[in-house]
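[1] Pasting a predicted model and its sequence here:
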Amino acid sequence: PFYSEIVHGARVAARNAGYDMLISWDNITNETASAFCSMLRRCGASGVITTSPLSAEAIQAVEALVPLVQCAERRTDVAAPYVTVDDHAAAQRATEHLISCGCRRLAIVAGSNDFKFSRERLEGFLDTTARSDVRVLPGWILQIPDNSYALAYSALTHLFDSGEVPDGIFAVSDTFGAAVVRAAHTTGIEIPRDLKVVGFDNAELSTMLTPTLTTVNQPRFRMGYSACRILLDMLDGNELGSRSMVLETELIVYGYLPLMIFENCAIRRQHGGKCSCQ
C-alpha cells in the first residue's frame, strides 16, 4: 500500500520526460549487487531509484554504472541524493497527539531496525515518552521483523491477552495500525474508548477500518515524482540533481463523517465524529 503511490509519482515524472520505468522487486545486497548491475546493463537502464535500505557498498556498485537516487529509505554516508521525510519528528508529533488525548500507558508497533523509517520512528516515540509523564513497559515495544499484518496481529493478540494493556498505541505503518484494530476487536478491547491508535502512511486502508485510523500522511506521490526529477536532472547534467529533499508530513485525524478531515480532537468532538484516537 505504501509503495504504490511512490511508483505512480516516479512513473508520471519519467513518462513526462520520455522515459519508461521498470520495477525490480529484488532485494539488493552486497552479494546480489553484481547480478543487479548486470541486469541494468542488459536492459540499458539510464538510472536507478531505490526505495529499500541498501548498504553503502551496494549503492557504490550501482553508482559506478548509472546515477542513483534514494527514495524513502536513505543513507547519509554516501553521496547519492535522496528524497525522504523526517520520520523522527513525525513520530514525535504522533506520540504527542496520543498523550494530548489522555493516554498515559503507551506502546509502539515498530518494524526492523534495518529500515530507516522504523528505526527513526521508534527513536522519536521513545524520545517523546522519555520526557513525558507516561509509562512504556518493555513488553509494549513490539518490533515485527517484516511489515506483516499477520505477524503484527499475532503479537498484538498476545499482548492484549497478557493482562496489562496500554491505552495508546503508535503503529509505524497503517498495516500495523490495521492489525491493532483487528486484534483489539478480537480480544474485546473497544477503540477508542479503551485504546487509542495512531498509524503512519495515510494508506487507503486507513479509511476502510472501523473506526477509521488516525494516521501520519506522507506525500508519497511527491516523493516518487521528486526522486525521479532529481534523477532526470542528474542525467541532464543539471547541478540541481545532487540536492536531497526532506518533505513535510501531516497528522490526519479522520472522523466517521464522510469526506471530512478534522484538524484536532476538539473540533472532531464538536461534529460528533469518532476515530481511532478520540
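    Perfect, thanks for sending it. Numbering: from 1, shown residues only.
[2] For the strand or helix carrying Tyr225, which residues meet the burial criterion?
    Per DSSP states H and E, Tyr225 falls inside helix 220-235. Using 16 or more other C-beta atoms under 10 Å as the test for burial, helix 220-235 gives 220-234. Where you see a C-beta, it was placed from the backbone N, CA and C, and this is true even at glycine.
[3] Now do the same for it: mean pLDDT, whole number.
    For helix 220-235, mean pLDDT is 96.
[4] what about the residue lying closest to Val48 once chain neighbours are set aside, how many neighbours?
    Excluding the flanking residues, the one nearest Val48 by C-beta to C-beta, 6 or more residues apart in numbering is Leu68, at 4.7 Å. Using other C-beta atoms under 10 Å, the number of residues around Leu68 comes to 24.
[5] picking that back up, distance from the chain centre to whichever helix or strand comes after the helix holding Tyr225, please.
    On the C-terminal side of helix 220-235, the closest following helix or strand by DSSP H and E is strand 245-247. Here strand 245-247 is found 14 Å from its chain centre; the criterion is C-alpha atoms, centre = their mean, to the nearest Å.
[6] Can you tell me what sits against strand 245-247?
    82-86, 218-219, 222-223, 226, 230 (C-beta atoms under 8 Å, 6 or more residues apart in numbering).
[7] re the thing from before, other residues contacting the helix holding Tyr225?
    Around helix 220-235, the neighbours that count as contacts under C-beta under 8 Å, 6+ apart are 2, 5-14, 17, 19, 46-49, 67-72, 81-85, 201, 239-243, 245, 247.
[8] closest to Leu54 among the contacts of strand 245-247?
    Lowest distance from Leu54 to these (C-beta to C-beta) belongs to Tyr82, with 11.3 Å.
[9] Give me the buried subset of the contacts of helix 220-235.
    The buried subset of those - by 16+ other C-beta under 10 Å - is 2, 5-7, 9-11, 13-14, 19, 47-49, 67-72, 81-85, 201, 241, 245.
[10] Now, the residues you listed that are in helices?
    Judged by DSSP state H, the buried ones among the contacts of helix 220-235 include 5-7, 9-11, 13-14 as members of helices.
[11] Tell me the one of the residues you listed nearest Ile144?
    For those, the nearest to Ile144 is Ile6 (21.3 Å; C-beta to C-beta).
[12] Quick check: the gap between the closest one and Gly44.
    Relative to Gly44, Ile6 is positioned 23 Å away (C-beta to C-beta, to the nearest Å).
[13] Spit out the contact partners of Ala17.
    Leu232.
[14] and it, what pLDDT?
    97.
[15] Then Val69?
    For Val69, the model assigns a pLDDT of 97.
[16] Contact partners for it?
    47-50, 80-83, 227-228, 230-231, 234.
[17] OK, contacts around the nearest residue to Gln143 once chain neighbours are set aside?
    Leaving out its chain neighbours, the residue that sits closest to Gln143 by C-beta to C-beta, 6+ apart is Ala110, at 4.9 Å. Applying C-beta under 8 Å, 6+ apart to Ala110 gives the contacts 118, 121-122, 125, 141-144, 172.
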